[in-house]
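J.: can't give you the sequence, but here's the structure:
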């Protein structure tokens, strides 16, 4: 029991203490060494938030939308390759799987320049579409891995069974496979969302400043000396993904529990 | 002939799982292929259902398998876990574009027949194994299949539910007049429900005949032994045991021997094992030890008994 409480205390310290520090910064007008707590508190950062609410809301909305779009695109990109990796055994499979993970391993700078040149030529640089595509290219390995594991959790026979009942491949995908893959989609989608939502450089490069992004919005503030505003906006940064997690987790959990699938 | 499986062979990773399998199935018949696990039985069903291709051989049918396909009911039933019982049963109809009241009527009728009406809004994981099996059968039957294929229909059921299910399958199979092929390793249940039986050992079909013929006239010693314990009696013991055949050895099932108390009897009981609905006796006659299944628990060790053989198996090769 003591060990459990000890671990719990350790985790609280590791995960909540930094958040508490941010909250203190957000409420302070000055906090310098060696003060243990800020010398003065005010609500200046909140005034900033209210004053710039439209810009902040727009960049948050934009980031949320292109990140969700990246989740959808990576799902479409990887659902068939993931199935083949999970179901088939072929010569060179491991090498090919490794190659498919490359975008997550290579620094984005390495391929983003080339992609930017290509996007300029086909006219999708500085557009939301370009941002979604570059983020999908960068983050699909997480979805691929999750779906590939998802496919391994159930037998191929259930697809054979549906085919035997007369189902087309499309119907099997939408009515049988996707519901069974839902936990894997949530797992992979969460990481794709987080990677996309917090990505600064790729959005800046491909979006060219015309696609608003929250990371892009707070970046100059993080570099400035105004730690109070930067801290408050960083806390806000946490709110969107956490709210989304809780929402999706509840929906999926409830749907699965109702069906006795968990 | 409704269906003919002709010289079907299949290999997996260099190992023959099906070796030259041939048998005919008449319309309305229920055929069971019996064999130990891993004898390639499920593969054969998948080939008949068109879900796998044989390496050689063919499956031919006089039925229109496009309009009325062969539907396979898998061993684990493979109900779609995210769908209700109703939607599971409706699945095949939806695939065929049936909608609205026609869909509801057909599914409801099928649910009623399989006593699942009150479960229609349940999900598969909320059902017992027996109920899940009935959903799987209803889901298969609703599309009016020409042929019903049952993979190990008794494997996931409790002992006391097996015989009941065998009777249920036989009843609905006859009522619907549907031709069915089942594969199983449950002998008794297969005997209860089948018109014809095939014995599959090591990927080969060793015998295919009516239930009684397979049991009473097994094609080989292996088939005889697979169907139940057998005793091989050499010719030299025929006079002692009152057999009037003159050549070769005979094969006698353990339940085809009756014992009688007799203090100068030819046999001596050496072992008594209580097996529930019967008792297993080992009886020594000179050098020969016979295994006898008897309903009479009244014999004890070292007791001398008279032996009567009520029935011998005519078998082919040894």
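T.: Structure's in. What do you need? A quick note: this is a predicted structure, and the numbers were derived from the prediction, not measured.

J.: switch to C-alpha atoms for all contacts and neighbour counts from now on
T.: Noted.

J.: which SS state does the closest residue to chain B within the stretch 1-150 of chain A fall under?
T.: When distances are taken as Cα to the nearest Cα, the stretch 1-150 of chain A reaches nearest to chain B at residue A:89, 12.5 Å away. Of the three states, residue A:89 takes coil under DSSP: H, G, I helix; E, B strand; the rest coil.

J.: That one: how many residues sit nearby?
T.: 10 (other Cα atoms under 10 Å in any protein chain shown).

J.: What distance do you get for it to residue A:98?
T.: Residue A:89 is 15 Å from residue A:98, where distance means Cα to Cα, to the nearest Å.

J.: Okay, helices next: where are they in the chain?
T.: Reading this off chain A. Assignment of helices within chain A using DSSP state H yields the ranges A:2-27, A:44-51, A:53-87, A:93-100, A:102-105, A:108-122, A:128-152, A:157-164, A:169-171, A:178-198, A:201-207, A:214-223, A:227-258.

J.: The chain in question should be chain B.
T.: Shown for chain B, the helices assigned by DSSP H span residues B:41-48, B:85-95, B:100-113, B:129-141, B:159-176, B:187-193, B:211-216, B:221-227, B:238-241.

J.: out of those helices, which comes closest to residue B:33?
T.: Proximity to residue B:33 (Cα to Cα) singles out helix B:41-48 among the helices of chain B, at 7.4 Å.

J.: how about low-confidence regions in chain A?
T.: Applying pLDDT under 70 to chain A flags residues A:262.

J.: List, one by one, the residues from it near chain B.
T.: Counting by Cα under 8 Å from any Cα of the partner chain, the residues of chain A close to chain B are A:157-158, A:160-162, A:164-168, A:176, A:179-180, A:256, A:259-261.

J.: Go ahead and confirm residue B:182 touches residue B:35.
T.: No - under the criterion of Cα atoms under 8 Å, residue B:182 is not in contact with residue B:35, lying 11.3 Å apart.

J.: Burial check on residue 13, number of neighbours?
T.: All of this refers to chain A. Residue A:13 is flanked by 13 other residues according to other Cα under 10 Å.

J.: Switch to chain B, please.
T.: Residues within reach of residue B:13, counting by other Cα under 10 Å, total 6.

J.: Check residue B:287 too.
T.: The burial metric for residue B:287, expressed as a neighbour count using other Cα under 10 Å, is 7.

J.: so can I have JSON lines of the helices of chain A showing distance to residue B:92?
T.: What follows is those, written out as JSON lines (distance: least, Cα to Cα, whole Å):
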{"stretch": "helix A:2-27", "distance to residue B:92": "51"}
{"stretch": "helix A:44-51", "distance to residue B:92": "56"}
{"stretch": "helix A:53-87", "distance to residue B:92": "24"}
{"stretch": "helix A:93-100", "distance to residue B:92": "35"}
{"stretch": "helix A:102-105", "distance to residue B:92": "42"}
{"stretch": "helix A:108-122", "distance to residue B:92": "45"}
{"stretch": "helix A:128-152", "distance to residue B:92": "23"}
{"stretch": "helix A:157-164", "distance to residue B:92": "8"}
{"stretch": "helix A:169-171", "distance to residue B:92": "11"}
{"stretch": "helix A:178-198", "distance to residue B:92": "18"}
{"stretch": "helix A:201-207", "distance to residue B:92": "47"}
{"stretch": "helix A:214-223", "distance to residue B:92": "48"}
{"stretch": "helix A:227-258", "distance to residue B:92": "23"}
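
J.: closest to residue B:74 out of those helices?
T.: Closest of those to residue B:74 is helix A:157-164, at 7.6 Å (criterion: Cα to Cα).

J.: For the closest one, what is the distance to the chain centroid?
T.: 33 Å (Cα atoms, centre = their mean, to the nearest Å).

J.: Who's the closest spatial neighbour of residue B:283, skipping the chain neighbours?
T.: In space, residue B:283 comes closest to residue B:269 once its chain neighbours are excluded; the distance is 4.5 Å by Cα to Cα, 6 or more residues apart in numbering or on different chains.

J.: Nearest approach to residue A:56 belongs to which of the helices of chain B?
T.: With distances scored as Cα to Cα, the stretch of the helices of chain B nearest to residue A:56 is helix B:85-95 (45.8 Å).

J.: Much appreciated, bye for now.
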